[in-house]
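In: please find the sequence and the predicted model below.
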Amino acid sequence: MKKALILSLALFSMLAMNAQQITVSGKVTDEVGTPLPGVNVVIKGTTKGSISDFDGNFSIDAESDAVLLLSSLGYANKEILIGGRTNITVTLPEAAEMLTETIVIGSRSKGRTKLETTAPVDVISIKEQAINMPQMDLAQMLVASAPSFSAFRSQGGDLSSAVDPPTLRGLAPNQMLVLINGKRRHTSALLAGSQTGSAANATDMSFIVPDAIDRVEILRDGASAQYGSDAIAGVMNVVLKKGTGEFTGNFTVGGFPNSAPDLSGTDVSEENQALLKDTEPDGINYQLAGNYGISFEEGGYLNLTGLYRQAEATVRPNISNATPYGDAYLNNERTDAQGNIIITNPELVAAQASGNTALADDLRTDTGLMAARGLTYKDFSTYAGTAASNLGVLAYNMALPINEDIEFYSFGDFGYKYTAGYSCFYRRPAQADRANFDLFPNGFRPQIASTQTNIAFTGGIDGTLGDFNFDFSNTFGRNKMNYDMFNTFNASLQSESPTTMDLGTHSFYQNTTNFDVSKYFDDVLSGLNVAIGVELRVENYQIEAGQAESYSIGDAGIYTATTDNEALLGPDGFPMEDLNSEPIVNADGSPVVLPYGEASTNINKFYSPNCQCFRGFAPENEANEFRSVTAAYLDAELDVTEKWLLTGALRTENYSDFGDVFTGKIATRYSILDNFALRGSFSTGFRAPSLQELNYSHTFTFFVGLDPFDGTLYPNTSSAARAIGIETLRQEQSTNLSLGFTTRLFNKIDLTVDAYKIDIQDRIFETDNFNASEAPVLAPIIGSGLASFRINGGDISTKGVEIVANYREKVGEGMLGLTLSGVFRENTFEGASVPDLNTVLTDEELETKYVNRSSIGQFESGTPNTTFIGSGTYSWGKWSGMLRGSYFGEVTSLDNTFRTLNDGSEGYSDQTFSAQFVTDIGVTHNFTDKLALTVGGNNIFNKYPDILRAEERGFYLYSNYQQGSNGAYYFARLTFGF
């Protein structure tokens, strides 16, 4: 009995020892001893894990007899038995197939690698690339990594600077679906301008924090049948970090030297070239980010990320548009209605009072008075450049086991962003109809600002019930944007006008509920996975009007007759004067008369109404629209043999505002050899018109001579749209065909080549403006104004070849990695689908107005059709480095107006911009296990795009295609951990 008791106690002690929780510290290196950052370290059979830091170190709490599973892109997975050890060193060999980490996107079956999928998938390890990369935000990181991906960064222009719309394969931003951990991400409330032919509501990727991301998966294939609306060009899935037990952070500072390129030999004058070269560094930005993960005793994790980024604006002036004003910048002398001279400039008043006639004469010129005030033409030129911004985001990702088979998970983020950009022409003091000398003695440049709040939250449970896998979740997202204009003026209100105005608010929210079930049948051929699911999505879009002064017309400068047939005579009995101080008279010299109550806006001065530069959203623009979407899908993946994979998907969706759609997809992959496989797919897809496209409207005021006119973008449900015959927007429909191969050459180089062809019917565009003479039915609605509409403009297609090659090899004492990827693409506008509208235009005139040349040009070559990215990385001991070259092919811009050009010929001012090549570099030194410094730059040789031809140089000097117009950028980053 005593022996049995002792034996039982010993056995119990051994079991207790085996089950004891211990803290395991370790280091992960490659085969040459180089530390490996970003390695996933997970306790096998659980979701609990950690991630190695930039020195390869990790720490995790685990049972003493647990098994650790280590995995990283480019390396073979490895299992390590802890065996009671508290310190472990692990060497990961290079993978037999590179990039073997399993991916989530494009498959609902067991994990497959990027080389095992039926469609091309880019897998981009953000945690690895961010170490040496100069780019700080996710969208620009992906531009530098994936040639099929683009993110247009506006250099000015109303609200567009608030969002960088991402695109895939040269298609519209809203034709790419974005997922976070496999769940649909909401889009921005803003319809932002893009370089693909039309404005679009895109996902604002600035709120997706790189420090919270493990990797990004980009499926370059149509996937509407798998994931629903918007996935015409493909799907991007962001996989969040799960690591625990370590804090990692970074502080980055960078900026632009702002060294203007050599413009000798161009039509920019030497004087203006000198002013352009008189620059100081700008766009200085700072970023502080941190990530920390907490593990729970009962299993599970909570991974937290915070980010704050501040960036100053960049300014790239177009001085050439200022000099033609001559001596019209500063209004030295003014006249009243009777022609009496009024001197308002204090410098001139003082000079005349002192009797200094020479100085007074000099001060009556632009150059003299500007010099006295320390100004040059550069101060009142147009300013292009990226907007100033402040961004703050908090994000989390968590999972908590409910039992051995089921876990609760949740992730989300809350963000705030403020942007202030230049998008307006300078208002000169001489423009008395727009300026106010008392408020702005030197004139003013309005600036537009946006304040955004962005919320995203997902919660759900997943796990297994018997042989079935299930996932039930709800995802809520909202983006709210308020717009303001500051340093502005409603001249028609004169002294009653505020100089800062609330222009209005846009908001969009989306709530998506999903229930998915799958089962794997291992006894059907070589394996069959069947998944089914349902979805309910509710959306709401709102426009709220701004303050009244931002959209109203005051009575300054307006005279209203108080009697019948009242002659327009001043107090002195002489005719009143117009804007040019000319008497308002009939042809025979008699004064003009007005009927009782009729107003004239041509008295002395007509004062510009509304908020200048951008008219506020008025009550007639307000919207509050809802819709619901229900969907169901069936997805199957069959391993016919170990070499042949066959997949298919069917999906049906019902939209409360336009009806049903049905899509399907079939795809296959066949391994001809162990290291060579063919793959291909065919699918149908669709994109529903967004609530923003269906309901956005805005009115702007423009001038023809002295006369103001209103132009309005009307929604398709408006009376104006019905009158002219504009149809309700329909969904865009697509077919997608792809064929490619994957191979491994010389057992070292992974190569994928994929060709594709996408045809899209009923692509949504925006028409040119119609006036009442072109469409008389609009006269009662628009009067002397203009009207434009969003329409299903026509059919488009894109075809191309995408190549990706990766190589990794030990060289010397370090590890060398090389990547080369490229895209050859051709976008084609197949033709306009013009309905029988109620206009008096010819068929040819109507077709060019329905979808104009500029929109067609933007789609066909708004993003370069040829792009190459080549990069090399090398790590050795405490050093690592990155060198990357990006080639952006030619881009052609098409003009809308046939006119007399500067050389006297008749034609369009089309322009082809030459190909560009930019170079990025980053070098990192690890001082300790917890401290590293990176220095480098983007576009380090300061390459600028071509300048615009003179006819198109109204606001911008440089093209904003390809790499943009900010020039070189240099940075330093301190990475730390504890």
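Out: Right, received. Where do you want to start?
In: C-alpha from now on. contacts and neighbour counts both.
Out: Will do.
In: quick one, what contacts the closest residue to residue 547 other than its chain neighbours?
Out: Spatial nearest neighbour of residue 547, chain neighbours left out: residue 502 (5.5 Å); criterion: C-alpha to C-alpha, 6 or more residues apart in numbering. Residue 502 sits next to 482-485, 546-547, 550, 616 when contact means C-alpha atoms under 8 Å, 6 or more residues apart in numbering.
In: so when I look at residue 502, I'm seeing a strand, right?
Out: Yes - assessed by DSSP: H, G, I helix; E, B strand; the rest coil, residue 502 belongs to a strand.
In: and it, what's its pLDDT?
Out: According to the prediction, residue 502 has pLDDT 97.
In: quick one: it and residue 404, what's the gap?
Out: Separation of residue 502 from residue 404 (C-alpha to C-alpha, to the nearest Å): 54 Å.
In: re earlier: how about the contacts of residue 502 in a markdown table, adding secondary structure, pLDDT and distance to residue 358?
Out: Below are the contacts of residue 502 laid out as a markdown table (DSSP: H, G, I helix; E, B strand; the rest coil; pLDDT from 0 to 100; distance: C-alpha to C-alpha, whole Å):
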| residue | secondary structure | pLDDT | distance to residue 358 |
| --- | --- | --- | --- |
| 482 | strand | 97 | 51 |
| 483 | strand | 95 | 48 |
| 484 | strand | 95 | 45 |
| 485 | strand | 95 | 41 |
| 546 | coil | 97 | 50 |
| 547 | coil | 97 | 48 |
| 550 | helix | 95 | 44 |
| 616 | coil | 95 | 46 |
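In: of the residues you listed, closest to residue 212?
Out: Proximity of those to residue 212 (C-alpha to C-alpha) peaks at residue 482, which lies at 26.9 Å.
In: how about the helices of the stretch 301-450 of the chain, start to end?
Out: Along the stretch 301-450 of the chain, counting by DSSP state H, counting those that start in this stretch, helices occupy 346-354, 357-363, 366-372.
In: repeat that for the stretch 1-150 of the chain.
Out: Ranges of helices within the stretch 1-150 of the chain are 2-18, 126-129, 138-143, based on DSSP H, counting those that start in this stretch.
In: what is the mean pLDDT for the second one?
Out: I take that to be helix 126-129. Averaging the model's pLDDT scores along helix 126-129 yields 79.
In: which residues does residue 920 bridge with?
Out: Legend: beta-bridge partners of residue 920 under DSSP bridges are residue 884.
In: flag every buried residue along stretch 665-679.
Out: By 16 or more other C-alpha atoms under 10 Å, the buried positions in stretch 665-679 come out as 665-671, 676-679.
In: inside strands: which ones of these?
Out: Residues of the buried residues of stretch 665-679 located in strands (DSSP state E): 665-671, 676-679.
In: now render these as JSON lines, adding pLDDT.
Out: Output for those, formatted as JSON lines (pLDDT from 0 to 100):
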{"residue": "665", "pLDDT": "97"}
{"residue": "666", "pLDDT": "97"}
{"residue": "667", "pLDDT": "96"}
{"residue": "668", "pLDDT": "96"}
{"residue": "669", "pLDDT": "95"}
{"residue": "670", "pLDDT": "95"}
{"residue": "671", "pLDDT": "94"}
{"residue": "676", "pLDDT": "93"}
{"residue": "677", "pLDDT": "94"}
{"residue": "678", "pLDDT": "96"}
{"residue": "679", "pLDDT": "96"}
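In: contacts for stretch 747-755 next, please.
Out: For stretch 747-755, the external contacting residues (C-alpha under 8 Å, 6+ apart) are 96-98, 120, 738-745, 799-809.
In: show the buried residues in those residues.
Out: 97-98, 120, 738-744, 799-808.
In: among the residues you listed, which ones are in strands?
Out: Judged by DSSP E, the buried ones among the contacts of stretch 747-755 include 738-744, 799-808 as members of strands.
In: for residue 347, give me the pLDDT.
Out: pLDDT, residue 347: 82.
In: residue contacts, it?
Out: Neighbour list for residue 347: 363, 369 [criterion: C-alpha under 8 Å, 6+ apart].
In: in the stretch 51-200 of the chain, where is pLDDT below threshold?
Out: For the stretch 51-200 of the chain, the stretches with pLDDT under 70 are 54, 73-74, 94-104, 110-115, 157-158.
In: mind checking which helix or strand the closest residue to residue 477 other than its chain neighbours is in?
Out: The shortest distance from residue 477 to any non-neighbouring residue, by C-alpha to C-alpha, 6+ apart, is to residue 456 (4.3 Å). According to DSSP states H and E, residue 456 maps onto strand 447-465.
In: partner strands of that strand, with direction?
Out: Strand 447-465 has its sheet partners listed here by DSSP bridges as strand 406-422 (antiparallel), strand 468-486 (antiparallel).
In: I'd like the distance from it to the chain centre, please.
Out: Put simply, strand 447-465 sits 17 Å off its chain's centre (C-alpha atoms, centre = their mean, to the nearest Å).
In: distance of residue 744 from residue 217?
Out: Where residue 217 is concerned, residue 744 sits at a distance of 21 Å (C-alpha to C-alpha).
In: likewise residue 913?
Out: Taken as C-alpha to C-alpha, the span from residue 913 to residue 217 is 32 Å.
In: do residue 352 as well
Out: Using C-alpha to C-alpha, we find residue 352 at a distance of 72 Å from residue 217.
In: just want to know which of those two has more residues nearby.
Out: Counted by other C-alpha atoms under 10 Å, residue 352 and residue 217 do not tie: residue 217 has more neighbours, with 21 against 15.
In: how about the more buried one, what does it touch?
Out: 103-105, 121-124, 236-239 are the contacts of residue 217 under C-alpha under 8 Å, 6+ apart.
In: where's residue 736 relative to residue 120, distance?
Out: According to C-alpha to C-alpha, residue 736 and residue 120 sit 13 Å apart.
In: which neighbours do these two share?
Out: Common neighbours of residue 736 and residue 120, using C-alpha under 8 Å, 6+ apart, are residue 221.
In: the domain parsing of the protein - what is it?
Out: As recorded under automatic domain parsing, the domains making up the chain are 19-91, 138-155+163-322+381-552+611-977, 324-379.
In: and the second one, end to end?
Out: When you say that, I think you mean domain 138-155+163-322+381-552+611-977. Termini of domain 138-155+163-322+381-552+611-977 sit 22 Å apart (C-alpha to C-alpha).
In: hey, where'd the strands end up in the stretch 801-950 of the chain?
Out: Applying DSSP state E, counting those that start in this stretch to the stretch 801-950 of the chain gives strands spanning 814-832, 866-876, 879-888, 891-893, 899-900, 906-907, 911-913, 916-928, 931-938.
In: hang on, the earlier thing: closest one of the contacts of residue 502 to residue 948?
Out: residue 485 (27.9 Å).
In: report the beta-bridge partners for the residue lying closest to the closest one once chain neighbours are set aside.
Out: Nearest non-adjacent residue to residue 485, counting by C-alpha to C-alpha, 6+ apart: residue 448, 4.5 Å away. On the basis of DSSP bridges, residue 448 is bridged to residue 421, residue 485.
In: before we move on, what about the one 5 residues further on?
Out: Beta-bridge partners of residue 453, counted by DSSP bridges, are residue 416, residue 480.
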